[in-house]
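Chemist: I would like to see how this sequence folds:
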Amino acid sequence: MEAINRQTWKQRMASYKRTPLSFLLLVLVTASALFTVCILAFLLIYILVKGIPYLTPSLFAWEYNSENVSLMPALINTILMTALSLVIAVPLGIFAAIYLVEYAKRGNKIVGIVRITAETLTGIPSIVYGLFGFLLFGVALKWGYSMLGGALTLAIMILPTIMRTTEEALKSVPDSYREGSFGLGAGRLRTVFQVVLPSAVPGILAGVILAVGRIVGETAALMYTAGTVAGIPANIMGSARTLSVHMYVLTNEGLYTNQSYATAVVLLVIVVLINALSGFIAKKITGKGIG
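Modeler: From the prediction side, this is the model:
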(Lines give C-alpha, C1' and ligand atoms only; values in the text may rest on other atoms or scores of the structure.)
Protein backbone atom coordinates (compact mmCIF):
# COMPACT_ATOMS: atom_id res chain seq x y z
CA MET A 1 0.00 0.00 0.00
CA GLU A 2 2.83 2.39 0.87
CA ALA A 3 4.57 1.55 -2.40
CA ILE A 4 1.42 2.40 -4.35
CA ASN A 5 1.06 5.69 -2.49
CA ARG A 6 4.69 6.59 -3.19
CA GLN A 7 4.29 5.74 -6.87
CA THR A 8 1.13 7.86 -7.07
CA TRP A 9 2.92 10.74 -5.36
CA LYS A 10 5.85 10.49 -7.80
CA GLN A 11 3.45 10.51 -10.75
CA ARG A 12 1.73 13.61 -9.44
CA MET A 13 5.01 15.42 -8.86
CA ALA A 14 6.15 14.50 -12.37
CA SER A 15 2.91 15.90 -13.84
CA TYR A 16 3.35 19.07 -11.79
CA LYS A 17 6.88 19.50 -13.16
CA ARG A 18 5.56 19.23 -16.70
CA THR A 19 2.79 21.75 -15.94
CA PRO A 20 4.01 24.33 -13.38
CA LEU A 21 0.72 26.22 -13.60
CA SER A 22 -1.13 23.22 -12.14
CA PHE A 23 1.25 23.16 -9.18
CA LEU A 24 0.75 26.89 -8.67
CA LEU A 25 -3.02 26.44 -8.68
CA LEU A 26 -2.69 23.58 -6.18
CA VAL A 27 -0.66 25.81 -3.86
CA LEU A 28 -3.16 28.65 -4.17
CA VAL A 29 -6.16 26.40 -3.51
CA THR A 30 -4.49 24.78 -0.51
CA ALA A 31 -3.41 28.14 0.91
CA SER A 32 -6.91 29.57 0.46
CA ALA A 33 -8.48 26.59 2.24
CA LEU A 34 -6.02 26.84 5.14
CA PHE A 35 -6.53 30.61 5.38
CA THR A 36 -10.32 30.18 5.51
CA VAL A 37 -10.08 27.51 8.19
CA CYS A 38 -7.70 29.64 10.25
CA ILE A 39 -10.00 32.67 10.06
CA LEU A 40 -12.99 30.57 11.13
CA ALA A 41 -11.04 29.01 13.99
CA PHE A 42 -9.83 32.43 15.14
CA LEU A 43 -13.36 33.84 15.18
CA LEU A 44 -14.72 30.87 17.11
CA ILE A 45 -11.91 30.90 19.67
CA TYR A 46 -12.14 34.68 20.07
CA ILE A 47 -15.89 34.60 20.71
CA LEU A 48 -15.64 31.67 23.12
CA VAL A 49 -12.75 33.18 25.10
CA LYS A 50 -14.43 36.57 25.38
CA GLY A 51 -17.93 35.27 26.09
CA ILE A 52 -17.77 32.08 28.18
CA PRO A 53 -16.51 33.78 31.39
CA TYR A 54 -19.63 35.98 31.41
CA LEU A 55 -22.23 33.21 31.00
CA THR A 56 -23.65 33.80 34.47
CA PRO A 57 -27.00 32.58 35.84
CA SER A 58 -28.31 36.15 35.93
CA LEU A 59 -27.84 36.34 32.17
CA PHE A 60 -30.53 33.65 31.83
CA ALA A 61 -33.07 35.25 34.17
CA TRP A 62 -36.65 35.13 32.99
CA GLU A 63 -37.17 38.91 33.08
CA TYR A 64 -34.84 41.52 31.62
CA ASN A 65 -33.67 44.53 33.63
CA SER A 66 -30.73 46.93 33.57
CA GLU A 67 -28.84 44.90 36.18
CA ASN A 68 -28.93 41.39 34.71
CA VAL A 69 -29.41 42.32 31.00
CA SER A 70 -30.91 38.86 30.60
CA LEU A 71 -30.86 37.28 27.17
CA MET A 72 -33.66 34.80 27.94
CA PRO A 73 -36.50 36.94 26.50
CA ALA A 74 -34.43 37.56 23.36
CA LEU A 75 -33.67 33.83 23.10
CA ILE A 76 -37.36 32.92 23.26
CA ASN A 77 -38.18 35.66 20.76
CA THR A 78 -35.50 34.32 18.41
CA ILE A 79 -36.99 30.83 18.51
CA LEU A 80 -40.50 32.18 17.93
CA MET A 81 -39.37 34.49 15.12
CA THR A 82 -37.46 31.69 13.41
CA ALA A 83 -40.37 29.26 13.65
CA LEU A 84 -42.90 31.81 12.41
CA SER A 85 -40.71 32.88 9.48
CA LEU A 86 -40.05 29.29 8.42
CA VAL A 87 -43.73 28.35 8.66
CA ILE A 88 -44.46 31.11 6.17
CA ALA A 89 -41.47 30.82 3.81
CA VAL A 90 -40.66 27.09 3.63
CA PRO A 91 -43.97 25.83 2.16
CA LEU A 92 -44.07 28.70 -0.34
CA GLY A 93 -40.46 28.18 -1.39
CA ILE A 94 -40.76 24.41 -1.74
CA PHE A 95 -44.06 24.51 -3.65
CA ALA A 96 -42.74 27.24 -5.96
CA ALA A 97 -39.64 25.14 -6.71
CA ILE A 98 -41.78 22.04 -7.33
CA TYR A 99 -43.83 23.96 -9.87
CA LEU A 100 -40.75 25.35 -11.65
CA VAL A 101 -39.04 21.96 -11.88
CA GLU A 102 -41.83 19.40 -12.12
CA TYR A 103 -44.81 21.17 -13.69
CA ALA A 104 -43.65 24.19 -15.71
CA LYS A 105 -42.76 23.54 -19.34
CA ARG A 106 -39.08 23.65 -20.14
CA GLY A 107 -38.06 26.85 -21.87
CA ASN A 108 -40.95 28.78 -20.35
CA LYS A 109 -40.12 32.51 -20.32
CA ILE A 110 -42.03 33.07 -17.07
CA VAL A 111 -39.83 30.48 -15.35
CA GLY A 112 -36.72 32.33 -16.50
CA ILE A 113 -38.08 35.63 -15.20
CA VAL A 114 -38.92 34.05 -11.83
CA ARG A 115 -35.40 32.63 -11.50
CA ILE A 116 -33.73 35.92 -12.38
CA THR A 117 -36.00 37.74 -9.93
CA ALA A 118 -35.21 35.27 -7.15
CA GLU A 119 -31.46 35.63 -7.73
CA THR A 120 -31.82 39.42 -7.70
CA LEU A 121 -33.80 39.39 -4.45
CA THR A 122 -31.10 37.25 -2.83
CA GLY A 123 -28.55 40.04 -3.24
CA ILE A 124 -30.65 42.91 -1.87
CA PRO A 125 -29.29 44.31 1.44
CA SER A 126 -31.29 43.42 4.52
CA ILE A 127 -31.84 47.05 5.49
CA VAL A 128 -33.80 47.55 2.25
CA TYR A 129 -36.06 44.68 3.32
CA GLY A 130 -36.37 46.32 6.70
CA LEU A 131 -37.46 49.64 5.23
CA PHE A 132 -39.91 47.84 2.93
CA GLY A 133 -41.36 45.87 5.87
CA PHE A 134 -41.62 49.02 7.96
CA LEU A 135 -43.47 50.94 5.25
CA LEU A 136 -45.77 48.05 4.34
CA PHE A 137 -46.52 46.34 7.65
CA GLY A 138 -45.73 49.11 10.11
CA VAL A 139 -47.13 52.15 8.28
CA ALA A 140 -49.52 51.03 5.52
CA LEU A 141 -51.14 48.21 7.54
CA LYS A 142 -50.69 50.14 10.81
CA TRP A 143 -49.19 47.19 12.70
CA GLY A 144 -46.38 49.25 14.19
CA TYR A 145 -43.46 47.28 15.55
CA SER A 146 -44.62 43.67 15.72
CA MET A 147 -43.28 40.13 15.60
CA LEU A 148 -45.63 39.32 12.75
CA GLY A 149 -44.29 42.20 10.67
CA GLY A 150 -40.74 41.06 11.40
CA ALA A 151 -41.53 37.44 10.55
CA LEU A 152 -43.19 38.38 7.27
CA THR A 153 -40.22 40.57 6.34
CA LEU A 154 -37.79 37.76 7.10
CA ALA A 155 -39.98 35.31 5.17
CA ILE A 156 -39.71 37.57 2.11
CA MET A 157 -35.94 37.72 2.62
CA ILE A 158 -35.35 33.97 2.85
CA LEU A 159 -37.96 32.90 0.29
CA PRO A 160 -35.60 33.25 -2.75
CA THR A 161 -32.87 31.24 -0.97
CA ILE A 162 -35.22 28.38 -0.08
CA MET A 163 -36.77 28.38 -3.54
CA ARG A 164 -33.46 28.31 -5.42
CA THR A 165 -31.81 25.67 -3.23
CA THR A 166 -34.92 23.48 -3.41
CA GLU A 167 -35.00 23.90 -7.18
CA GLU A 168 -31.38 22.78 -7.50
CA ALA A 169 -32.00 19.86 -5.15
CA LEU A 170 -34.95 18.70 -7.25
CA LYS A 171 -32.93 19.01 -10.44
CA SER A 172 -30.19 16.82 -8.95
CA VAL A 173 -32.62 13.91 -8.56
CA PRO A 174 -32.06 11.56 -11.56
CA ASP A 175 -34.86 11.37 -14.10
CA SER A 176 -34.70 7.58 -13.81
CA TYR A 177 -36.42 7.90 -10.41
CA ARG A 178 -39.35 9.68 -12.02
CA GLU A 179 -39.49 7.32 -14.98
CA GLY A 180 -39.46 4.29 -12.69
CA SER A 181 -42.29 5.72 -10.62
CA PHE A 182 -44.34 6.54 -13.71
CA GLY A 183 -43.65 3.06 -15.04
CA LEU A 184 -45.13 1.53 -11.88
CA GLY A 185 -48.33 3.49 -12.44
CA ALA A 186 -47.82 6.36 -9.99
CA GLY A 187 -49.12 9.80 -10.90
CA ARG A 188 -47.07 12.98 -11.00
CA LEU A 189 -48.22 14.20 -7.58
CA ARG A 190 -47.40 10.90 -5.89
CA THR A 191 -44.07 10.71 -7.70
CA VAL A 192 -43.11 14.19 -6.54
CA PHE A 193 -44.01 13.72 -2.88
CA GLN A 194 -43.00 10.08 -2.39
CA VAL A 195 -40.01 9.70 -4.71
CA VAL A 196 -38.50 13.04 -5.70
CA LEU A 197 -38.86 15.06 -2.50
CA PRO A 198 -37.38 12.40 -0.14
CA SER A 199 -34.35 12.15 -2.43
CA ALA A 200 -33.94 15.93 -2.43
CA VAL A 201 -34.29 16.38 1.34
CA PRO A 202 -30.55 16.99 2.04
CA GLY A 203 -30.43 19.82 -0.50
CA ILE A 204 -33.70 21.29 0.75
CA LEU A 205 -32.47 21.22 4.34
CA ALA A 206 -29.26 22.94 3.26
CA GLY A 207 -31.39 25.84 2.02
CA VAL A 208 -33.42 25.85 5.23
CA ILE A 209 -30.21 25.93 7.28
CA LEU A 210 -29.00 28.94 5.29
CA ALA A 211 -32.35 30.60 5.88
CA VAL A 212 -32.21 29.90 9.61
CA GLY A 213 -28.71 31.33 9.78
CA ARG A 214 -29.90 34.51 8.10
CA ILE A 215 -32.90 34.78 10.41
CA VAL A 216 -30.87 34.24 13.57
CA GLY A 217 -28.20 36.72 12.55
CA GLU A 218 -30.48 39.40 11.15
CA THR A 219 -30.47 42.80 12.85
CA ALA A 220 -31.21 45.67 10.47
CA ALA A 221 -34.49 44.33 9.09
CA LEU A 222 -35.85 43.45 12.54
CA MET A 223 -34.99 46.80 14.10
CA TYR A 224 -37.33 48.49 11.60
CA THR A 225 -40.12 45.91 11.83
CA ALA A 226 -40.07 44.00 15.13
CA GLY A 227 -38.54 46.71 17.30
CA THR A 228 -36.18 46.45 20.28
CA VAL A 229 -38.46 45.87 23.29
CA ALA A 230 -36.58 43.69 25.81
CA GLY A 231 -39.39 41.35 26.75
CA ILE A 232 -41.60 38.53 25.55
CA PRO A 233 -44.66 39.96 23.77
CA ALA A 234 -48.15 38.89 24.75
CA ASN A 235 -48.97 38.05 21.13
CA ILE A 236 -47.44 38.19 17.67
CA MET A 237 -48.56 41.79 17.24
CA GLY A 238 -46.29 42.92 20.05
CA SER A 239 -42.77 44.33 19.69
CA ALA A 240 -39.77 42.18 20.62
CA ARG A 241 -36.03 41.90 20.12
CA THR A 242 -34.10 38.81 18.99
CA LEU A 243 -30.63 37.73 20.11
CA SER A 244 -28.87 39.55 17.29
CA VAL A 245 -30.75 42.78 18.04
CA HIS A 246 -30.07 42.21 21.75
CA MET A 247 -26.34 41.98 21.00
CA TYR A 248 -26.46 45.16 18.93
CA VAL A 249 -28.29 47.11 21.62
CA LEU A 250 -25.91 45.98 24.37
CA THR A 251 -22.83 46.79 22.29
CA ASN A 252 -24.26 50.13 21.18
CA GLU A 253 -24.89 51.18 24.77
CA GLY A 254 -21.24 50.50 25.56
CA LEU A 255 -21.94 49.33 29.12
CA TYR A 256 -22.54 45.62 28.55
CA THR A 257 -19.96 44.61 25.95
CA ASN A 258 -18.97 41.49 27.89
CA GLN A 259 -22.59 40.36 28.08
CA SER A 260 -22.91 40.86 24.31
CA TYR A 261 -20.00 38.43 23.82
CA ALA A 262 -21.78 35.94 26.07
CA THR A 263 -24.88 36.36 23.94
CA ALA A 264 -22.75 35.64 20.86
CA VAL A 265 -21.66 32.35 22.45
CA VAL A 266 -25.28 31.33 22.98
CA LEU A 267 -26.10 32.31 19.40
CA LEU A 268 -23.19 30.24 18.14
CA VAL A 269 -24.32 27.20 20.11
CA ILE A 270 -27.85 27.55 18.72
CA VAL A 271 -26.59 27.61 15.13
CA VAL A 272 -24.43 24.52 15.71
CA LEU A 273 -27.35 22.64 17.27
CA ILE A 274 -29.63 23.58 14.38
CA ASN A 275 -27.07 22.30 11.87
CA ALA A 276 -26.64 19.04 13.75
CA LEU A 277 -30.39 18.53 14.09
CA SER A 278 -30.95 19.25 10.39
CA GLY A 279 -28.28 16.72 9.41
CA PHE A 280 -29.86 14.10 11.67
CA ILE A 281 -33.31 14.72 10.20
CA ALA A 282 -31.92 14.54 6.66
CA LYS A 283 -30.34 11.14 7.32
CA LYS A 284 -33.54 9.79 8.86
CA ILE A 285 -35.78 11.00 6.04
CA THR A 286 -33.36 9.89 3.32
CA GLY A 287 -33.06 6.46 4.93
CA LYS A 288 -36.83 6.05 5.04
CA GLY A 289 -37.17 7.21 1.46
CA ILE A 290 -34.60 4.67 0.24
CA GLY A 291 -36.14 1.92 2.31
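Chemist: Tell me the helices and strands packed up against whichever strand or helix holds A262.
Modeler: Using DSSP states H and E, A262 maps to helix 257-290. Other helices and strands packing on helix 257-290, by 3 or more Cβ pairs under 8 Å, 6 or more residues apart in numbering; DSSP states H and E, are helix 20-51, helix 72-98, helix 197-216, helix 243-253. For the C-beta atoms, the positions are set from N, CA and C on the backbone; glycine is no exception.
Chemist: I'd like the ones you listed written out as JSON lines, with mean neighbour count and mean pLDDT added.
Modeler: JSON lines is the format used below for these (neighbours: other Cβ atoms under 10 Å; pLDDT from 0 to 100):
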{"stretch": "helix 20-51", "mean neighbour count": "11", "mean pLDDT": "87"}
{"stretch": "helix 72-98", "mean neighbour count": "20", "mean pLDDT": "92"}
{"stretch": "helix 197-216", "mean neighbour count": "20", "mean pLDDT": "85"}
{"stretch": "helix 243-253", "mean neighbour count": "20", "mean pLDDT": "87"}
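Chemist: Those: which one's closest to G149?
Modeler: Closest of the helices and strands packed on helix 257-290 to G149 is helix 72-98, at 10.8 Å (criterion: Cβ to Cβ).
Chemist: Run the chain-centre distance for the closest one.
Modeler: 10 Å (Cα atoms, centre = their mean, to the nearest Å).
Chemist: and after it, which helix or strand comes next?
Modeler: Using DSSP H and E, the helix or strand that follows helix 72-98 towards the C-terminus is helix 109-122.
Chemist: Identify each buried residue in that following helix, please.
Modeler: For helix 109-122, the buried set under the neighbour-count rule, 16 or more other Cβ atoms under 10 Å, comprises 111, 114, 118, 121.
Chemist: Okay, now the unreliable bits of the stretch 51-200 of the chain?
Modeler: Residues of the stretch 51-200 of the chain meeting the criterion pLDDT under 70: none.
Chemist: re earlier: how about a markdown table for the helices and strands packed on helix 257-290, with distance to V272 added?
Modeler: Formatted as a markdown table, these follow (distance: least, Cβ to Cβ, whole Å):
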| stretch | distance to V272 |
| --- | --- |
| helix 20-51 | 10 |
| helix 72-98 | 15 |
| helix 197-216 | 11 |
| helix 243-253 | 14 |
